[in-house]
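Peer 1: can't give you the sequence, but here's the structure:
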């Protein structure tokens with residue numbers, strides 16, 4: 001299995017209701033709303049360019065190696081597999097010597113606009129954002145324009161970078177949960 005390139009960018013500080021209305025008005029289809037949880041593990045301590053992510057996304061659990069080569073639309077690469085159990089895979093990784101450096105939760109509302117995947121993500125401590133993921137950088141930019149967003153205002157930084165943008169050091173937060 002080879003690394004695949006993700007073509008994605010984010011629009012920060014979105015108004016959830018307004019962007020949902022725009023997506024629907026432009027022909028987007030609502031796919032799902034769900035709570036997501038994940039563990040993040042270092043592959044090599046201190047190397048923030050590559051890590052392991054174990055994620056529970058609704059009923060599905062996946063194990064992924066993420067690698068960031070740049071903050072451009074095509075700068076994230078990954079290899080991902082489906083696993084049968086979030087808890088059992090977490091236990092297996094511990095047996096293999098990996099210690100989770102963080103546990104994180106977010107809410108996600110997913111849409112499809114043609115073949116482009118749109119994710120409205122809400123995380124603790126920061127404003128919601130829209131992630132646009134397509135099959136090419138041009139498709140991501142064109143979709144942003146179609147939604148009335150400025151493609152030049154999009155960012156391709158990862159979640160850690162977004163938290164930094166809002167004055168939070170995500171690497172120092174061991175448990176990122178919504179209030180009960």
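Peer 2: Received it, and whenever you're ready, just let me know what you need. Here the structure is a predicted model, which means the values were calculated and not measured. Residues are numbered from 1 along each chain as shown.
Peer 1: how about the helices in the protein?
Peer 2: All helices of the chain, identified by DSSP state H, fall at 16-25, 86-95, 137-146, 159-165.
Peer 1: Tabulate these (JSON lines), appending distance to residue 172 and mean pLDDT.
Peer 2: All C-beta atoms are positioned from the backbone trio N, CA, C, and that covers glycine. Listed next are the helices of the chain as JSON lines, based on distance: least, Cβ to Cβ, whole Å; pLDDT from 0 to 100:
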{"stretch": "helix 16-25", "distance to residue 172": "27", "mean pLDDT": "98"}
{"stretch": "helix 86-95", "distance to residue 172": "21", "mean pLDDT": "98"}
{"stretch": "helix 137-146", "distance to residue 172": "31", "mean pLDDT": "97"}
{"stretch": "helix 159-165", "distance to residue 172": "10", "mean pLDDT": "95"}
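Peer 1: now residue 141, nearest residue through space, not along the chain?
Peer 2: Spatial nearest neighbour of residue 141, excluding adjacent residues (Cβ to Cβ, 6 or more residues apart in numbering): residue 151 at 4.1 Å.
Peer 1: Tell me who's in contact with the one you found.
Peer 2: Applying Cβ atoms under 8 Å, 6 or more residues apart in numbering to residue 151 gives the contacts 9, 140, 141, 144, 145.
Peer 1: The third one - how many residues pack around it?
Peer 2: What it means is residue 141. As a burial measure, residue 141 scores 20 neighbours (other Cβ atoms under 10 Å).
Peer 1: Then residue 58?
Peer 2: By the measure other Cβ under 10 Å, the count of residues near residue 58 is 12.
Peer 1: Distance of it relative to residue 108?
Peer 2: With distances defined as Cβ to Cβ, to the nearest Å, the gap from residue 58 to residue 108 amounts to 9 Å.
Peer 1: Skip the chain neighbours and tell me the closest residue to the residue nearest the centre of the chain.
Peer 2: Centroid-nearest residue in the chain: residue 159, 6.9 Å away (criterion: Cα atoms, centre = their mean). Once its chain neighbours are removed from consideration, residue 159 has its nearest residue in residue 170; the separation is 6.6 Å (Cβ to Cβ, 6+ apart).
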